[in-house]
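[1] what follows is a predicted structure for the sequence shown.
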Amino acid sequence: MRVAVFTETFLPKTDGIVRVVCLLLDHLKKRGVEPIVVAPRMGDIKEYNGIPVITVPGVTFPIYPELKVGPPNLLTYRELASFKPDIVHLIHPMLVGIPGLMMAKYLGIPTLASFHIDMARLAQHYHLGFMRGFADWATRTVFNWADYTLAPSNLIQRDMIALGIREVGLWKRGVDAEKFNPRYRNATVRHRMSNGNPDDTLLIYVGRLSAEKQVDQLKAVLERVPNTRLAIVGDGPERANLEAHFAGTNTVFMGYLKGEELSQAYASADVFAFTSALETFGLVVVEAMAAGLPVVSSRVGGIPDVVQEGVTGYTFDVSDIEGLVQGVAQIATSRQHVTQMGIQARAFAETQSWDSMMDEVIEHYDRLIENRKVLNAKSA
């Protein structure tokens, strides 16, 4: 089987979508599937793990200045046709994926589109609400044009169906429970993250530092829950504003971390705190749970699918500061309580295998390829 993956973002950028794409590519290769990637030109990436990367020139995307996006061109089409894919997988088709979808339709190749960004709500959050109607229409039109679509969570699946997208399956997120594991707990790392106060309750946030993540809301926890500290892992356009906002509080900015450093950061904290207003899943939440952390998170994306109230953590409505503070306070009542909830979180994460979830995607590929063969045979 040959699969062409069109994505709006790729390495060297690091975010949840890129991690999922890389995990998908790794799994396809492990299963003997031959993939290629079509992605914006973000650097000098020509291949990933031996997988060819076809890059297309792009321009800066206003809402996400880290992204450079633009349409594939005639050369892209020729390379795609030469590769002769059995199926095209479109990672939330927009400026890269929509032309890819057109190419696939012209070549008679079956298509699968997966949902990763809620553009309508993102536009509204950035005070571009006048674009929401257009964004909803574009999402419905593009995803209905694909042969099948996949949502990352039950919540997003319901939203997509309500929007008028006809066939929507689930592609839930997993976690590498070996990479994110309590065994990476490290006293030196904890000392640094807590600014030399390892006996305090240490909260951690991991993710992009942007307005829709609402990281600034965590200041209320530091002010109202005694003996709490915060480590912020990640970078982004809001970092300078957040550093000013948290000045004088028990907060340490760790910057981007990856590999073992990221594993150690997760495992060396006590509670994962997540305040995002917009998520399609929230991959970092399951990573934190795998590292043995209870979670206090806004009720977005796939969070209600993975957090069991009072057992592995607490959830709250978006921007509900009181719910956020109460959630952390309930977990931080004692070291024993933190530990027990962390054990439960780890137990759940161990059931969330990436392999089984990626195999389901390959099953969708097989089904769509077979459906196309049957359709072609009937029309012959």
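    Now that the structure is in, tell me what you want to look at. Worth saying up front: this structure is predicted, and the values here are computed from it rather than measured.

[2] switch to C-alpha atoms for all contacts and neighbour counts from now on
    Noted.

[3] which strands or helices does the longest helix along the chain pack on?
    Determined from DSSP state H, the single longest helix within the chain is helix 354-379. For helix 354-379, the packing partners by 3 or more C-alpha pairs under 8 Å, 6 or more residues apart in numbering; DSSP states H and E come out as helix 16-30, strand 87-91.

[4] same thing but 7 Å
    Using 3 or more C-alpha pairs under 7 Å, 6 or more residues apart in numbering; DSSP states H and E, no helix or strand is in contact with helix 354-379.

[5] for it, buried residues please.
    Across helix 354-379, burial judged by 16 or more other C-alpha atoms under 10 Å covers 354, 357-358, 361-362, 364-365, 368-369, 372.

[6] how is this structure carved up into domains?
    2-174+353-379, 182-349 (automatic domain parsing).

[7] what angle do the longest helix of the chain and helix 16-30 make?
    On the basis of axes from the mean of the first three to the mean of the last three C-alpha atoms, to 10 degrees, helix 354-379 is oriented at 70 degrees to helix 16-30.

[8] got the angle for helix 354-379 vs strand 87-91?
    Inter-element angle recorded for helix 354-379 and strand 87-91: 130 degrees (by the same axes, to 10 degrees).

[9] identify the farthest-apart pair in the buried residues of helix 354-379.
    354 and 372 (27.4 Å; C-alpha to C-alpha).

[10] these two touch, right, residue 97 and residue 103?
    No. In terms of C-alpha atoms under 7 Å, residue 97 does not count as a neighbour of residue 103; the distance is 9.6 Å.

[11] comparing these two, which residue is more hemmed in?
    Using other C-alpha atoms under 10 Å, the more surrounded residue of residue 97 and residue 103 is residue 97, with 26 against 20.

[12] that one: what's it in contact with?
    Remark: with contacts taken as C-alpha atoms under 7 Å, 6 or more residues apart in numbering, residue 97 is in contact with 6-8, 90.

[13] apply 10 Å and report the result again.
    Residue 97 is in contact with 5-8, 38-39, 70-72, 88-91, 103, 113, 142, counting by C-alpha atoms under 10 Å, 6 or more residues apart in numbering.

[14] same deal with residue 263?
    With C-alpha under 10 Å, 6+ apart, residue 263 has these contacts: 178-186, 257, 287-288, 290-291.

[15] if we go to 8 Å?
    179-181, 184, 291 (C-alpha atoms under 8 Å, 6 or more residues apart in numbering).

[16] got a markdown table for these, with secondary structure too?
    Listed next are the contacts of residue 263 as a markdown table, based on DSSP: H, G, I helix; E, B strand; the rest coil:
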| residue | secondary structure |
| --- | --- |
| 179 | coil |
| 180 | coil |
| 181 | coil |
| 184 | helix |
| 291 | coil |
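
[17] tabulate these (a markdown table), appending neighbour count.
    Shown next, in a markdown table, are the contacts of residue 263 (neighbours: other C-alpha atoms under 10 Å):
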| residue | neighbour count |
| --- | --- |
| 179 | 17 |
| 180 | 26 |
| 181 | 23 |
| 184 | 20 |
| 291 | 33 |
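
[18] closest to residue 324 out of those?
    Using C-alpha to C-alpha, residue 291 comes nearest to residue 324 of the contacts of residue 263, at 21.0 Å.

[19] skip the chain neighbours and tell me the closest residue to the closest one.
    Nearest non-adjacent residue to residue 291, counting by C-alpha to C-alpha, 6 or more residues apart in numbering: residue 181, 4.1 Å away.

[20] tell me the contacts of the one you found?
    Each residue near residue 181 by C-alpha under 8 Å, 6+ apart is listed here: 263, 267, 290-292.

[21] if we use 7 Å, what do you get?
    By C-alpha under 7 Å, 6+ apart, the contact set of residue 181 is 267, 290-292.

[22] list the ones among these that fall in strands.
    Counting by DSSP state E, these place none of their members in strands.

[23] which of the residues you listed are buried?
    Buried members of those, counted by 16+ other C-alpha under 10 Å: 267, 290-292.

[24] pick the one among these closest to residue 155.
    Within those, proximity to residue 155 (C-alpha to C-alpha) peaks at residue 290, which comes in at 22.1 Å.

[25] looks like the closest one contacts residue 346 (just checking).
    Yes. Between residue 290 and residue 346 there is a contact at 4.7 Å, judged by C-alpha under 7 Å.

[26] looking at the contacts of residue 97, which one is closest to residue 330?
    Residue 330 has its nearest neighbour among the contacts of residue 97 in residue 91, at 38.4 Å by C-alpha to C-alpha.

[27] ok, the closest one touching residue 113?
    Yes. Proximity of residue 91 to residue 113 meets the contact threshold set by C-alpha under 7 Å, at 6.1 Å.

[28] counting contacts, what elements does the one helix or strand residue 144 maps to pack onto?
    For residue 144, the host element (DSSP states H and E) is helix 132-145. In terms of contacts (3+ C-alpha pairs under 7 Å, 6+ apart), helix 132-145 is packed against helix 119-125.
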